[in-house]
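Colleague: need a 3D model of the sequence below.
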Amino acid sequence: MGPIHIDPQRAVAELTTFNQKLAAGLKTLRSLDEVDYGATPREAIYREDKLVLYRFRGETSPTAKTPLLIVYALVNRPYMVDLQHDRSLVRNLLARGEDVYLIDWGYPDLSDRYLTLDDYINGYIRRCVEAVAKRCNVEKINLLGICQGGAFSLCYASIHPQTIRNLITMVTPVDFHTPDNMLSHWTRGMDVDLFVDTLGNVPADLMNWCYLTLKPVRLFQQKYVGLVDILDNKEEVENFLRMEKWIFDSPDQAGEAFRQFIKDFYQANKLVNGGLRIGESEVNLRNITMPVLNIFAEQDHLVPPSASRPLQQHIGTQDYTELAFKGGHIGIYVSGRAQREVPAAIHDWLAAR
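Modeller: Numbering: from 1, shown residues only. Modelled structure (predicted):
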């Protein structure tokens, strides 16, 4: 390695700019408003245990004849789909005439320790689908499953296909044993029985630590160094803090459901290998004969495209569409590109059916 050459004038200029950013940041931080989330009015139409089923209200009445129910993952709060006024999948779908509903799973506590995947899929999701269908006086609804909620939606649509008109999956893992799936490599050798029997419910802080350490330099260091560059911009700082609030506002995981999900999906890969049972029902993806739209992110480190693409090989429908989004696992909801592309693609696909 040769000698390191430092331009003194450039170094002084960079230090001066850095100090100016820090000084402006102190002023910005004193002026920050309380950072909140959610841009869209909503009303609760159904409650059960910790769960709340919401209907969102747009500025105009919906024109779609079939309602759309969003099923989010258990591991994060669902307000990522309605983070703020200019970053809202929900708001953009409403603006295009969709009638949008969402399941908020709430925060499990010790009383939820023995909830199973059967409770979530054949219980909560089924009753929410029934509540939306009854409210809208339809026999079938559209289902949009996101990440783990997408895997749940595949199971539900396989067991109860007569209730779903169209199925949309976003950043959804299907084949859990692809070589580039970092989460899968972590969990396949895990003694999940010892883990759950010891902890009961899985603490949210432990889950967050696992996700962050998948990209430790980027998520523990670079983003906070980069924060200096925006400290003099109140709006950008508030956007940053809103994302941080979402990242660390995670629910604990019901122990028994976590045990089943790790064993059957990550370790045994039963969603594609077969043999998956949810309660008394067998999951067979060939039962999914309704139209399917599968959306995945090309730079997703949590659900790589290779984990989502195999869906086409295993379902029974001939009406299958893929949308590859240029972005990451979170960018697919909140980036400027996502606001332009994803809601329009979902609406146009639904409208054609």
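Colleague: wasn't G316 part of a strand?
Modeller: No - read with DSSP: H, G, I helix; E, B strand; the rest coil, G316 is coil and lies in no strand.
Colleague: my read: it touches I288, true?
Modeller: Yes - applying C-beta atoms under 8 Å as the test, G316 and I288 come out as touching, 5.6 Å apart. (C-beta placed from N, C-alpha, C; glycine too.)
Colleague: distance of I125 from H301?
Modeller: According to C-beta to C-beta, to the nearest Å, I125 stands 27 Å off from H301.
Colleague: looking only at neighbour counts, state which of those two leads.
Modeller: Using other C-beta atoms under 10 Å, the more surrounded residue of I125 and H301 is I125, with 26 against 16.
Colleague: pLDDT wise, what is the more buried one at?
Modeller: Per-residue pLDDT puts I125 at 98.
Colleague: which residues of the stretch 151-300 of the chain score low on pLDDT?
Modeller: By pLDDT under 70, the weakly predicted segments of the stretch 151-300 of the chain are 211-212, 214-228.
Colleague: chain center to stretch 117-134, what's the gap?
Modeller: Distance of stretch 117-134 from the chain centroid (C-alpha atoms, centre = their mean, to the nearest Å) equals 19 Å.
Colleague: pull up the distance across it, start to finish.
Modeller: End-to-end distance of stretch 117-134 (C-alpha to C-alpha, to the nearest Å): 24 Å.
Colleague: what does stretch 255-275 give?
Modeller: Terminal residues of stretch 255-275 are spaced 22 Å apart (C-alpha to C-alpha).
Colleague: how about stretch 54-72?
Modeller: One end of stretch 54-72 to the other measures 13 Å (C-alpha to C-alpha).
Colleague: now it: buried residues?
Modeller: 54-56, 58, 62, 64, 66-72 (16 or more other C-beta atoms under 10 Å).
Colleague: show me which of those has the smallest pLDDT value.
Modeller: On pLDDT alone, G58 ranks lowest of the buried residues of stretch 54-72, at 92.
Colleague: in a helix, that's where it is, yeah?
Modeller: No - with three-state DSSP as the criterion, G58 is located in coil rather than a helix.
Colleague: pLDDT value on the nearest residue to it once chain neighbours are set aside, please?
Modeller: The shortest distance from G58 to any non-neighbouring residue, by C-beta to C-beta, 6 or more residues apart in numbering, is to L94 (3.1 Å). Here the pLDDT value assigned to L94 is 97.
Colleague: what's near enough to touch L94?
Modeller: L94 makes contacts with 40, 56-59, 62, 100, as judged by C-beta atoms under 8 Å, 6 or more residues apart in numbering.
Colleague: turn the buried residues of stretch 54-72 into a markdown table, columns for distance to F265 and secondary structure.
Modeller: Output for these, formatted as a markdown table (distance: C-beta to C-beta, whole Å; DSSP: H, G, I helix; E, B strand; the rest coil):
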| residue | distance to F265 | secondary structure |
| --- | --- | --- |
| Y54 | 27 | strand |
| R55 | 30 | strand |
| F56 | 30 | strand |
| G58 | 35 | coil |
| P62 | 34 | coil |
| A64 | 32 | coil |
| T66 | 29 | coil |
| P67 | 28 | coil |
| L68 | 25 | strand |
| L69 | 22 | strand |
| I70 | 20 | strand |
| V71 | 16 | strand |
| Y72 | 17 | coil |
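Colleague: let's have those in JSON lines, adding distance to Q253.
Modeller: Shown next, in JSON lines, are the buried residues of stretch 54-72 (distance: C-beta to C-beta, whole Å):
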{"residue": "Y54", "distance to Q253": "22"}
{"residue": "R55", "distance to Q253": "27"}
{"residue": "F56", "distance to Q253": "26"}
{"residue": "G58", "distance to Q253": "33"}
{"residue": "P62", "distance to Q253": "34"}
{"residue": "A64", "distance to Q253": "33"}
{"residue": "T66", "distance to Q253": "32"}
{"residue": "P67", "distance to Q253": "29"}
{"residue": "L68", "distance to Q253": "26"}
{"residue": "L69", "distance to Q253": "22"}
{"residue": "I70", "distance to Q253": "20"}
{"residue": "V71", "distance to Q253": "16"}
{"residue": "Y72", "distance to Q253": "14"}
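Colleague: out of these, the closest to A338 would be?
Modeller: Using C-beta to C-beta, I70 is the member of these that lies nearest A338, at 15.1 Å.
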